[in-house]
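Participant: fold the following for me, if possible:
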Amino acid sequence: MILEFKTAMNKNGHRKYLCIDTGAEVFSRNCRYMITPGIEIKVGDYNELIKKVERLRFEEVDYAY
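Facilitator: Predicted coordinates:
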């Protein structure tokens, strides 16, 4: 299953993106789309998700498909 998350835009118009592929056990912080899909979450929740997937030993890749 592919899960996609994004944070709200900051004052400079940037946002963070996280894609997790639970089947392949990989995650990516890069978005392959011009328009960012996914559920909007808080930056604190984003950081917590990164820590959890690293603890589960998911591999970070350039793009999760």
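Participant: tell me which residues in stretch 55-62 are buried?
Facilitator: Residues of stretch 55-62 classed as buried under the neighbour-count rule (16 or more other Cβ atoms under 10 Å) are Phe58. Quick note: C-beta positions are derived from backbone N, CA and C, even for glycine.
Participant: cool, and stretch 22-40?
Facilitator: Using 16+ other Cβ under 10 Å as the burial criterion, the residues of stretch 22-40 that qualify are Val26, Phe27, Ser28, Cys31, Thr36, Gly38.
Participant: and what of stretch 40-47?
Facilitator: Taking 16+ other Cβ under 10 Å as the criterion, stretch 40-47 shows Ile41, Tyr46 as buried.
Participant: between which two of the buried residues of stretch 22-40 is the distance greatest?
Facilitator: Between all members of the buried residues of stretch 22-40, the longest pairwise span (Cβ to Cβ) is found for Val26 and Thr36 and amounts to 18.7 Å.
Participant: now secondary structure too, for the buried residues of stretch 22-40, in a markdown table please.
Facilitator: Listed next are the buried residues of stretch 22-40 as a markdown table, based on DSSP: H, G, I helix; E, B strand; the rest coil:
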| residue | secondary structure |
| --- | --- |
| Val26 | strand |
| Phe27 | strand |
| Ser28 | strand |
| Cys31 | coil |
| Thr36 | coil |
| Gly38 | coil |
